[in-house]
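[1] predicted model and sequence follow; I will ask about them next.
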Amino acid sequence: MTNDAGPEKIICPSLRFYKKAGEAVRRLLDEKDLIDRRGKPYSDDTFLCLPLTEDPDDETIRKIEEYVRETADRYGISPDPGAPERIVQTGPDAFEARPEELTVEKILGYSPAYEMIGDIAVIDGKDAENAAGIAEAILRVHPAIRTVLLSEGPVKGEFRTRDLRFIAGIEKTETLHKEYGCRYNIDLGKAYFTQRLSTERARILSLIRKGDFVVDMFAGVGPYSILIAKRAGPETVIANDKNPDAVRLLKQNIEENRVRNIIPLEEDAKDLGERYAGKADHVLMNLPHNACDFLDTAVTIAKPGGVIHYYAMTEEHDLFDGSVELIRKAAARQGREIEVLGKRAVRSYAPHQYNICLDVKIL
């Protein structure tokens, strides 16, 4: 695995994989801070090779292989016609050196916490003291960013909104965000959205099969539902949210992405049980602060063998066990049992607190 182009080179670990899976793999590697920014990636018609700071661990390689296989299956081709058993390859390689880039971290001397959603950057509240300085650095480094906001608190209320303060640029909360080939109209002041769950959304996508019936109980503006409807070929996606502004944007995004196998609803999620009892192959419960209040409904919706994807905020000392027990009790109330298929700490949310996901089959 070599690349001879370029007068100046760096030698570093590398990752070579089917390039149509590039966006999902890049996001995963970015989350783990594994991409070596000193080198330029290179590609051919089929493969992409990325420079890395170190070799990925076995769990990361496994996830990358899942993304590549899912993408290759969708396009109906072998991910590596010459060596199909080696869909992801690692090893040292030579990359053309990048000229030194200006970064927010270099300007400030430390790494602030912020995310970029469309042309809006949102600074985490913990960096409020220097929000103006951070905003100036972001606008300097990222010319596509037109607005910088400060998050002044956690997501709150039944409509899942957060307080945002304008810091710099153009004063607005509306933007268009692009992710995995989908386009989302977003109003951060009226409906919650985070780019930080993009890799998790890709993971869930990889679990959905053609013809599945999917119920997204807390769909928001549609980042799970629309991605699944557009890319996985499900029979139907029920996309529900109680927030009328979120549903208005959801409907707009359904039209924007030209998907027809979604039914948008504006209902209390507890009312979904009677209508969709025993129908769902997958039930999405992305309401991490209080999804536990809706577990009885989720169990009712899940068909025998259906899977609930349950999100929660948990403490470090009890990441998964307490949540598993809540699901087990909800299933038992309906005479059903469970099988835990997967446990995942999606991201760190606060000191010693994590946003987790459990994939649980309802028997």
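    Perfect, thanks for sending it. None of these values were measured; they are calculated from a predicted model. Numbering: from 1, shown residues only.
[2] lowest-confidence helix or strand of this protein?
    helix 58-75 (a mean of 82; mean pLDDT, DSSP states H and E).
[3] which secondary structure elements does it contact?
    Counting by 3 or more Cβ pairs under 8 Å, 6 or more residues apart in numbering; DSSP states H and E, the packing neighbours recorded for helix 58-75 are strand 9-18, helix 22-31, strand 88-96, helix 198-207. Quick note: C-beta positions are derived from backbone N, CA and C, even for glycine.
[4] contacts for the third one, please.
    Which is strand 88-96. 1-6, 8-17, 36, 38-42, 49, 51-52, 55-56, 61, 64-65, 68 (Cβ atoms under 8 Å, 6 or more residues apart in numbering).
[5] just the angle for that strand relative to helix 22-31, thanks.
    80 degrees (axes from the mean of the first three to the mean of the last three Cα atoms, to 10 degrees).
[6] follow-up on the earlier one: tell me which of the helices and strands packed on helix 58-75 lies nearest to residue 140.
    Closest to residue 140 of the helices and strands packed on helix 58-75, according to Cβ to Cβ: helix 22-31, at 20.8 Å.
[7] count of neighbours near residue 108?
    Using other Cβ atoms under 10 Å, residue 108 has 16 neighbouring residues.
[8] quick check, pLDDT for it.
    At residue 108, the model reports a pLDDT of 95.
[9] again with residue 78
    Value for residue 78, per-residue pLDDT: 60.
[10] please enumerate the helices of the stretch 151-300 of the chain.
    Using DSSP state H, counting those that start in this stretch, the helices of the stretch 151-300 of the chain run over residues 198-207, 223-231, 244-256, 272-276, 295-301.
[11] domains for this protein, by residue range?
    9-96, 104-172, 192-362 (automatic domain parsing).
[12] tell me which of those sits most buried.
    domain 192-362 (a mean of 19; mean count of other Cβ atoms under 10 Å).
[13] span of it from start to end?
    29 Å (Cα to Cα, to the nearest Å).
[14] off-centre distance for it?
    13 Å (Cα atoms, centre = their mean, to the nearest Å).
[15] then stretch 119-139?
    The chain centre lies 22 Å from the centre of stretch 119-139; the measure is Cα atoms, centre = their mean.
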